[in-house]
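take this sequence and fold it.
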Amino acid sequence: MDISFVYFDIDDTLLDHTHAERKALSDLRGRYLEIFGTLSVDELQEQYHAINAPLWRQYADGEIDKTTVQEQRFERLLDAVGAPHANAGLVGRYYMQRYAEHWRFIPGARNAFEAIAEQWPVGVMTNGFAEVQAQKLDTFPVLKERSDAIVICEETGTLKPSPRVFAHATEKAKVETEDVLYVGDSYRSDVEGAQTSGWRVAWFAPTGTNGHSTDDRGFVFEDWEVLVERLT
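Modelled structure (predicted):
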């Protein structure tokens, strides 16, 4: 491919955020059974998503701040299950502790990352709370060791899909905009954000694309071996 640099997203691209989230919510349900016991883990995760996803979108769009997301997602969750007087701070801290215990690579992602890093300069570019993403990089040091550029978007003052953070990442990679390939899972943050900024896109979509597609410079893949074959 006619590229000079490959950036990777972290959550639900290299690392299995969905797995860690589900396991942490299961732990949370077990710890606070009197609060969450009326819901199955599936129902609890669905309720959590319904609350957390809109807050994150507002945060990415600059409509609310980080503290609002951190506080309101568990305040609203407790209100939704009929426990508004429970301590949302304690619940949120326990969830984050358990979330960190369940981090793991998506099957095939580490091998693909390392194989591609043998052929191209690579980096990581990630939304997420800066301190949590930094902890992930410490937990999986290969991501730092093999990366020529690391962009934790929150530290730049803007989040994907803002063109400003893609421009910043391009400068860090020291290449031309059209020569960057971004590997990510989110249609809005990764695919639309990268394409609007002039990057090429490899969209990791193991559960399908929901009718969306990349532009003619990008492609969709479901298996990491496919990506490795195209890039090495």
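
so what's N111 up against?
By C-beta atoms under 8 Å, 6 or more residues apart in numbering, the contact list for N111 reads W224, V228. Just so you know, the C-beta spots here come from the backbone N, C-alpha and C atoms, and that holds for glycine as well.

sec struct for it, please.
Recorded secondary structure, N111: helix (DSSP: H, G, I helix; E, B strand; the rest coil).

got it, and H212?
The three-state label given to H212 by three-state DSSP is coil.

could you find the closest non-adjacent residue to it?
Spatially, and ignoring its direct neighbours in sequence, H212 is nearest to Y187 (5.1 Å; C-beta to C-beta, 6 or more residues apart in numbering).

can you read off the pLDDT for the one you found?
pLDDT, Y187: 98.

list the contacts of it.
Neighbours of Y187 in contact, by C-beta under 8 Å, 6+ apart: W203, T209, N210, H212.

now with 10 Å, please.
For Y187, the contacting residues are P161, G193, V201, W203, A205, T209, N210, G211, H212, S213, T214, by C-beta atoms under 10 Å, 6 or more residues apart in numbering.

in this structure, which spans are helices?
Under the criterion DSSP state H, the chain carries helices at the ranges 17-31, 33-36, 41-60, 66-80, 88-101, 109-117, 130-139, 142-146, 163-173, 193-196, 224-231.

compare these and give me the one nearest V6.
helix 109-117 (5.8 Å; C-beta to C-beta).

just the angle for that closest one relative to helix 224-231, thanks.
Interaxial angle of helix 109-117 relative to helix 224-231 (axes from the mean of the first three to the mean of the last three C-alpha atoms, to 10 degrees): 0 degrees.

just the C-alpha atoms of helix 109-117, please, in PDB.
Listed next in PDB are the C-alpha coordinates belonging to helix 109-117 (Å, rounded to 0.1, in the frame of the first residue of the first chain):
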ATOM      1  CA  ALA A 109      -4.200  -8.200  17.400                       C
ATOM      2  CA  ARG A 110      -0.800  -8.300  19.200                       C
ATOM      3  CA  ASN A 111       0.700 -10.500  16.500                       C
ATOM      4  CA  ALA A 112      -0.600  -8.300  13.800                       C
ATOM      5  CA  PHE A 113       0.600  -5.100  15.500                       C
ATOM      6  CA  GLU A 114       4.100  -6.500  15.900                       C
ATOM      7  CA  ALA A 115       4.200  -7.900  12.400                       C
ATOM      8  CA  ILE A 116       3.100  -4.600  10.900                       C
ATOM      9  CA  ALA A 117       5.600  -2.800  13.100                       C
END
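
quick check: mean pLDDT of that helix?
For helix 109-117, the mean pLDDT works out to 98.

for it, which residues meet the burial criterion?
Neighbour counts over helix 109-117 (16 or more other C-beta atoms under 10 Å) mark A109, R110, A112, F113, A115, I116, A117 as buried.

what distance separates it from the centre of its chain?
18 Å (C-alpha atoms, centre = their mean, to the nearest Å).

before we move on, what about stretch 7-27?
When distances are taken as C-alpha atoms, centre = their mean, stretch 7-27 is centred 7 Å away from the chain's centroid.

convert the C-alpha atoms of that stretch to CSV, please.
Taking Å, rounded to 0.1, in the frame of the first residue of the first chain, the C-alpha atoms of stretch 7-27 are listed here in CSV:
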residue,chain,number,x,y,z
TYR,A,7,-1.7,4.4,13.5
PHE,A,8,-3.8,2.0,15.6
ASP,A,9,-6.7,2.7,17.9
ILE,A,10,-6.6,0.9,21.2
ASP,A,11,-10.0,0.2,22.6
ASP,A,12,-11.9,-2.6,20.8
THR,A,13,-9.2,-2.5,18.2
LEU,A,14,-6.0,-3.8,19.8
LEU,A,15,-7.5,-4.3,23.3
ASP,A,16,-10.8,-5.9,24.1
HIS,A,17,-12.6,-3.1,25.8
THR,A,18,-16.0,-4.7,25.5
HIS,A,19,-14.8,-7.9,27.2
ALA,A,20,-13.2,-5.9,30.1
GLU,A,21,-16.3,-3.8,30.4
ARG,A,22,-18.6,-6.8,30.6
LYS,A,23,-16.4,-8.5,33.2
ALA,A,24,-16.2,-5.4,35.3
LEU,A,25,-20.0,-4.9,35.2
SER,A,26,-20.4,-8.6,36.2
ASP,A,27,-18.1,-8.0,39.1
